[in-house]
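Engineer: following is a predicted model, sequence given first.
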Amino acid sequence: EDQVTQSPEALRLQEGESSSLNCSYTVSGLRGLFWYRQDPGKGPEFLFTLYSAGEEKEKERLKATLTKKESFLHITAPKPEDSATYLCAVQAEWNTDKLIFGTGTRLQVFP
Amino acid sequence: DGGITQSPKYLFRKEGQNVTLSCEQNLNHDAMYWYRQDPGQGLRLIYYSQIVNDFQKGDIAEGYSVSREKKESFPLTVTSAQKNPTAFYLCASSNHRSTGSGNTIYFGEGSWLTVV
């Protein structure tokens, strides 16, 4: 069964304290792995798509990496405005119409 | 501005009533989706549509219905048959049908439905 597991469920960081969020997945042929940011009461905002192991993408303080079993979202020197829930989702080769989501990591960054 | 517009933002439903959530996109995307989000759970797919006048059930379609009469619009009706409808509903769209490349799915701002 295709599945996505995110850890930790919640993460509290001091401003400037770098860390990583994990997304482990099992899927019958990965077509793409997606990272989204979701603020409370809002829809998810697209961040990155990764397609193959070894691929990396960066955006401001965020960097996403991909292996054959997991993806990491590295946050370098976070600021309070980075506080949000980060969602990971995978798209299988056999069904590119559907995203399979993890339950998210809720990140809080304190000044 | 291009985007996905959902309305209303907040909706209250009495027991036994059907309610319809609106979703409009001006991104010229072929595919549209409805997801449901509950606390502590990942987003779950209700229905999706790749082209006008065609749609498929997702993982939790029971108690819901949709239509796709126009490319820009994909309304979701929550019927009285849905036993636990209180949730955050997200409409989404993407540019590709089922193709060989991963198709990025973009989301609207969501609609809160509460049963009273």
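Structural biologist: Yep, it's here.

Engineer: tell me where chain A has strands.
Structural biologist: Using DSSP state E, the strands of chain A run over A:3-7, A:10-14, A:19-26, A:30-38, A:45-50, A:56-59, A:62-66, A:70-75, A:84-92, A:95-101, A:105-110.

Engineer: quick check: buried residues in the fifth one?
Structural biologist: Within strand A:45-50, the residues that qualify as buried by neighbour count (16 or more other CB atoms under 10 Å in any protein chain shown) are A:L47, A:F48, A:T49, A:L50. C-beta here means a position set from N, CA and C on the backbone, and glycine is covered the same way.

Engineer: now for it, which elements pack on it?
Structural biologist: Where contact means 3 or more CB pairs under 8 Å, 6 or more residues apart in numbering or on different chains; DSSP states H and E, strand A:45-50 is packed against strand A:30-38, strand A:56-59, strand A:62-66, strand B:105-107.

Engineer: for chain B, give me the ranges with low pLDDT.
Structural biologist: Within chain B, the segments meeting pLDDT under 70 span B:1-2, B:96-102.

Engineer: can you name the residues of it sitting close to chain A?
Structural biologist: Applying CB under 8 Å from any CB of the partner chain, we find that chain B lies next to chain A at B:4, B:6, B:31, B:40-45, B:48, B:50, B:56, B:58, B:90, B:92, B:96-99, B:101-110, B:112.

Engineer: of those, buried ones?
Structural biologist: The neighbour count (16+ other CB under 10 Å) marks B:4, B:6, B:31, B:42-45, B:48, B:50, B:58, B:90, B:92, B:96, B:102-108, B:110 as buried among the residues of chain B next to chain A.

Engineer: how near is the residue of chain A found nearest chain B to B:T104?
Structural biologist: Nearest residue of chain A to chain B: A:G32, at 2.5 Å (CB to the nearest CB). Separation of A:G32 from B:T104 (CB to CB, to the nearest Å): 8 Å.

Engineer: identify the contacts common to those two.
Structural biologist: Common contacts of A:G32 and B:T104, defined by CB atoms under 8 Å, 6 or more residues apart in numbering or on different chains, comprise A:T49.

Engineer: chain B: strands as residue ranges?
Structural biologist: B:4-7, B:10-13, B:19-25, B:31-37, B:44-49, B:56-57, B:64-66, B:76-78, B:87-94, B:105-107, B:111-115.

Engineer: what residues are up against A:T105?
Structural biologist: Neighbours of A:T105 in contact, by CB under 8 Å, 6+ apart: A:Q6, A:S7, A:P8, A:E9, A:A10, A:L11, A:L21, A:T85, A:Y86.

Engineer: residues in a beta bridge with it, which ones?
Structural biologist: A:Y86 (DSSP bridges).
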